[in-house]
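In: Generate a structure from the sequence data that follows.
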Amino acid sequence: MNLILFEEEEFNTDLLFNDPRAVHIRDILHLKEGDDFAAGIIGGLRGRAKLIFRGSSGWKVAFTALEESPPLLPLILILGCPRPPVAKRILKDMSTMGLREIRVCSTDLNEKSYLGSKLWREGLWREALIDGAVQGGSTLIPTVHTGSSLEHVLENLPPGAGKIAFDNDEEIRSYSRWNSSADYSSAVLAIGPERGWSHRERDILDSREFFRLHLGKRILRTETACSAGAALLLESLGFF
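Out: I've put the predicted structure just below:
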């Protein structure tokens with residue numbers, strides 16, 4: 001854990017010894033009463049937390065706020081919902097990278113039950129985002145929305161954003177040949193399921209003025225395409 005995160009109200013209760021954060025403090029950081037560590041409030045400030053008292057079942061922790069986390073990057077990921085374990089890894093990785101927003105949707109060629117899984121139904125997606133923020137040393141997590149279709153999640157995109165959709169269509173240009181010289185203030189990256197976009201969805205992306213590009217001739221895992229694509233796009237547009 002590069003930064004141990006708390007909900008603000010958690011400082012009013014003990015950090016139980018069996019909490020994964022307390023286990024990390026004991027087994028990895030080897031801290032004792034009076035020691036402090038890097039911490040933050042989810043959605044709030046970073047600072048230092050101090051172990052002020054060891055009770056019978058947990059630590060009493062005090063927090064001192066010191067600074068804001070760097071702002072999230074102006075990139076929206078449009079994601080054709082993959083299998084829940086894959087989605088969980090993507091959410092964590094995109095949170096680590098610092099994306100501002102993730103919009104997840106059913107697509108014509110993926111399994112419609114994925115969005116009804118426990119990951120989305122029981123809010124486990126937020127735990128993945130927090131894990132990613134911990135890795136990235138940030139208190140900020142992306143906003144996440146889900147939608148029943150590509151059309152739904154393409155509503156209300158930022159005006160003037162650079163819009164890229166990765167596709168495995170062999171007739172389109174590679175990303176390396178895309179001219180990214182325009183001065184975009186934000187960007188949108190659309191990545192479909194491993195089976196790709198349908199012809200209908202390609203027409204929708206074209207009508208919304210997305211540049212459909214490929215990352216090579218091989219079919220990538222969805223999480224690989226997300227990480228590589230987000231990094232390339234953010235670097236190309238000067239956000240890194």
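
In: how far is the helix or strand of the chain with the lowest mean pLDDT from where the chain is centred?
Out: Between all helices and strands in the chain, the lowest mean by mean pLDDT, DSSP states H and E belongs to strand 173-174, at a mean of 82. How far strand 173-174 lies from its chain's middle: 26 Å, per CA atoms, centre = their mean, to the nearest Å.

In: Which neighbours in the sheet does it have, and how are they oriented?
Out: strand 211-214 (parallel) (DSSP bridges).

In: Quick check: next helix or strand after the partner strand?
Out: Note on strand 211-214: by DSSP states H and E, the next helix or strand toward the C-terminus is helix 222-236.

In: Buried by neighbour count: which residues of that next one qualify?
Out: T222, E223, A225, C226, S227, G229, A230, L232, L233, L234, S236 (16 or more other CB atoms under 10 Å). For the C-beta atoms, the positions are set from N, CA and C on the backbone; glycine is no exception.

In: now, among these, which is nearest to R89?
Out: Using CB to CB, E223 is the member of the buried residues of helix 222-236 that lies nearest R89, at 5.2 Å.

In: got the domain boundaries for the chain?
Out: For the chain, the structural domains run 4-68, 73-236, going by automatic domain parsing.

In: tell me the most buried of those domains?
Out: Burial of the domains of the chain is given as mean neighbour count (mean count of other CB atoms under 10 Å); domain 73-236 ranks first at a mean of 18.

In: Can you measure across that domain, start residue to end residue?
Out: 13 Å (CA to CA, to the nearest Å).

In: sorry, back to before: quick one: list the elements packing against the next helix or strand after the least confident helix or strand of the chain.
Out: Later in the chain than strand 173-174, the nearest helix or strand by DSSP H and E is strand 187-191. Under the contact criterion of 3 or more CB pairs under 8 Å, 6 or more residues apart in numbering; DSSP states H and E, strand 187-191 touches strand 73-80, strand 162-166, helix 222-236.

In: in its sheet, what does strand 187-191 sit against?
Out: strand 73-80 (parallel), strand 162-166 (parallel).

In: Select, out of those, the one closest to R195.
Out: Nearest of the strands paired with strand 187-191 to R195, taken as CB to CB: strand 73-80 at 8.8 Å.

In: For stretch 41-51, which outside residues touch it?
Out: 3-8, 25, 31-40, 59-69, 130, 133, 138-141 (CB atoms under 8 Å, 6 or more residues apart in numbering).

In: In terms of mean pLDDT, which of the domains of the chain ranks lowest?
Out: Least confident of those, judged by mean pLDDT, is domain 73-236 with a mean of 92.

In: Switch the buried residues of helix 222-236 over to CSV; also include distance to Y184.
Out: Formatted as CSV, the buried residues of helix 222-236 follow (distance: CB to CB, whole Å):
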residue, distance to Y184
T222, 24
E223, 25
A225, 20
C226, 19
S227, 20
G229, 15
A230, 14
L232, 14
L233, 10
L234, 11
S236, 10
